[in-house]
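[1] Pasting the sequence and the predicted coordinates here, then a few questions.
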Amino acid sequence: MEEEGGEMGMEHMRKGWMMGGEKFWEKLDDETKKQVKLRVVGGLIMKTECKIKLMQYKLESLQMIKQRLEK
C-alpha cells in the first residue's frame, strides 16, 4: 500500500516538473533525481509521523475521558 502511494507521489512529482513543453525531470542528472526522490520520501515519512502523533493524542484524550467517566 505504501508502495502505491510512493509510485503515485513519484508520478505526481514528474508531472510537476513538466513546464512549457519541457520535461525538466528528464534533464536532471541522476544525483539530483535521487535527492528529489529522497525529499519526497522524507516528506511522506513526516506526514505519517504527524498522523501517528495525532492519533496517539486522540487515544490518550479518549482514555482520559473514559477514566473520568468511570469514577
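    Sure thing, it's come through. Numbering: from 1, shown residues only.
[2] and residue 28, how many residues sit next to it?
    Neighbourhood size, residue 28 [other CB atoms under 10 Å]: 14. Glycine gets a C-beta too; all of them are placed from N, C-alpha and C.
[3] Would you state the secondary structure element containing residue 54?
    Under the criterion of DSSP states H and E, residue 54 resides in helix 30-70.
[4] which helices and strands does that helix pack with?
    Using 3 or more CB pairs under 8 Å, 6 or more residues apart in numbering; DSSP states H and E, the elements in contact with helix 30-70 are helix 2-16.
[5] what about 10 Å?
    helix 2-16, helix 24-27 (3 or more CB pairs under 10 Å, 6 or more residues apart in numbering; DSSP states H and E).
[6] could you measure residue 57 against residue 45, distance?
    19 Å (CB to CB, to the nearest Å).
[7] Now tell me which helix or strand of this protein has the poorest mean pLDDT.
    strand 18-19 (a mean of 55; mean pLDDT, DSSP states H and E).
[8] sorry, back to before: which stretch in the helices and strands packed on helix 30-70 has the least confidence?
    With a mean of 60, helix 2-16 has the lowest mean pLDDT of these.
[9] separation between residue 51 and residue 29?
    With CB to CB as the criterion, residue 51 and residue 29 are 34 Å apart.
[10] One more: residue 67?
    57 Å.
[11] pLDDT below threshold where in this structure?
    Where the chain drops to pLDDT under 70, the residues are 1-22.
[12] What count of nearby residues applies to residue 42?
    10.
[13] do the one 3 residues further on as well
    By other CB under 10 Å, 10 other residues sit near residue 45.
[14] do the one 5 residues further on as well
    Look at residue 50: counted by other CB under 10 Å, it has 10 neighbours.
[15] got it, and the one 4 residues further on?
    Look at residue 54: counted by other CB under 10 Å, it has 10 neighbours.
[16] before we move on, what about residue 33?
    By other CB under 10 Å, 15 other residues sit near residue 33.
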